[in-house]
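Participant: heads up, no residue letters with this:
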Ligand SMILES: [Zn+2]
């Protein structure tokens, strides 16, 4: 996981969501009422999905595993637990069906004070709770919240995620070195293609872990390569490879967002 910036919802969407919440309350604020309103709220879900696609990392990746395409609107605090938060914009994240339906489901572990023990990447910096060892593709928990998040999502237990992070580490290192060679050679097209490739990679947390390693003392020893350490130094001093046209590279281009927002909704969670 990486930290995500949640965009503001517009007044129309907030008002539509507030109306749905009123209906849930009128129906007794039960889990059943939440589910029925959620099923009926096609317009609201389309608006929520369009916003989530804007904030999703890479190419509309799941906000939990950062690998698969995010297909489901996940309720971070489950509808069954808090029906009145069903249409709360701050309770929605984009998840793949595997993370949503096979792992998280209705889990919402809390501590003795009722504080949630899952990382919400739109609120928390996941790296405050997890350390990613990119060469091994695994996480180490730094806090109880990190430990619970690893358990609930199976982030260290799913072969496709661990091996995927290992592969992403190799690709990121190679592309970073290639990007820096393009910069040195004045090949701006080649450099920009590599910037996009890095930001569209699955497992955006691998790149973040590599960037963090580069800031540590003896970075070239840790990274195992002077060339990679030099490339990373340039990467950090050029705002992660220079963002073209001021666009956030962790978001998808507007045309892609609009196309995806027009697709039929698939929601759960
Ligand atoms: Zn996922």
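Facilitator: Perfect, I can see it now. Keep in mind the model is a prediction, meaning the values are calculated, not measured.
Participant: how about the residues of the stretch 51-200 of the chain that lie near the ion?
Facilitator: With C-beta under 5 Å from the ion as the criterion, the stretch 51-200 of the chain comes near the ion at residues 62, 64, 65, 96, 99. To be clear about C-beta, it is placed using only N, CA and C from the backbone, and glycine gets the same treatment.
Participant: got JSON lines for these, with neighbour count, pLDDT and secondary structure too?
Facilitator: Output for these, formatted as JSON lines (neighbours: other C-beta atoms under 10 Å; pLDDT from 0 to 100; DSSP: H, G, I helix; E, B strand; the rest coil):
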{"residue": "62", "neighbour count": "27", "pLDDT": "98", "secondary structure": "coil"}
{"residue": "64", "neighbour count": "27", "pLDDT": "98", "secondary structure": "coil"}
{"residue": "65", "neighbour count": "25", "pLDDT": "98", "secondary structure": "coil"}
{"residue": "96", "neighbour count": "23", "pLDDT": "98", "secondary structure": "coil"}
{"residue": "99", "neighbour count": "30", "pLDDT": "98", "secondary structure": "helix"}
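Participant: Need the max-distance pair from these.
Facilitator: Farthest pair in those (C-beta to C-beta) is 64 and 96. Separation: 7.6 Å.
Participant: Please give the element, helix or strand, for the residue most central in space within the chain.
Facilitator: Nearest to the mean C-alpha position of the chain, by C-alpha atoms, centre = their mean, lies residue 63 at 2.8 Å. Counting by DSSP states H and E, no helix or strand carries residue 63.
Participant: will you turn the residues of the stretch 51-200 of the chain next to the ion into a markdown table that also has distance to residue 45?
Facilitator: Formatted as a markdown table, those follow (distance: C-beta to C-beta, whole Å):
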| residue | distance to residue 45 |
| --- | --- |
| 62 | 17 |
| 64 | 19 |
| 65 | 22 |
| 96 | 17 |
| 99 | 18 |
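Participant: Pick the one among those residues closest to residue 115.
Facilitator: Set against residue 115, the nearest of these by C-beta to C-beta is residue 64 (19.1 Å).
Participant: which one is the closest one nearest to, not counting chain neighbours?
Facilitator: Leaving out its chain neighbours, the residue that sits closest to residue 64 by C-beta to C-beta, 6 or more residues apart in numbering is residue 99, at 4.4 Å.
Participant: mind listing what's buried in stretch 65-72?
Facilitator: 65, 66, 67, 68, 70, 71, 72 (16 or more other C-beta atoms under 10 Å).
Participant: Sorry, slip of the keys, the one I care about is stretch 39-48.
Facilitator: Using 16+ other C-beta under 10 Å as the test for burial, stretch 39-48 gives 41, 44, 45, 47, 48.
Participant: what's the answer for stretch 219-239, then?
Facilitator: For stretch 219-239, a neighbour-count test (16+ other C-beta under 10 Å) marks 219, 223, 225, 228, 229, 230, 231, 232, 235 as buried.
Participant: Then stretch 89-108?
Facilitator: Judged by neighbour count (16+ other C-beta under 10 Å), stretch 89-108 contains these buried residues: 89, 91-100, 103-104, 108.
Participant: what's near enough to touch the closest residue to the ion within the stretch 151-269 of the chain?
Facilitator: Across the stretch 151-269 of the chain, no residue is closer to the ion than residue 153, which sits at 7.4 Å (C-beta to the ion). Counting by C-beta atoms under 8 Å, 6 or more residues apart in numbering, residue 153 touches 64, 65, 99, 103, 104.
Participant: Any chance of JSON lines for those, columns distance to residue 215?
Facilitator: Formatted as JSON lines, those follow (distance: C-beta to C-beta, whole Å):
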{"residue": "64", "distance to residue 215": "26"}
{"residue": "65", "distance to residue 215": "25"}
{"residue": "99", "distance to residue 215": "29"}
{"residue": "103", "distance to residue 215": "32"}
{"residue": "104", "distance to residue 215": "32"}
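Participant: those strands in the stretch 151-269 of the chain, which residues are they?
Facilitator: Ranges of strands within the stretch 151-269 of the chain: none, based on DSSP state E, counting those that start in this stretch.
Participant: Low-confidence ranges, it, go.
Facilitator: Scanning the stretch 151-269 of the chain for pLDDT under 70 picks out 241-269.
Participant: run the last query once more with 90
Facilitator: Residue ranges of the stretch 151-269 of the chain with pLDDT under 90: 214-225, 236-269.
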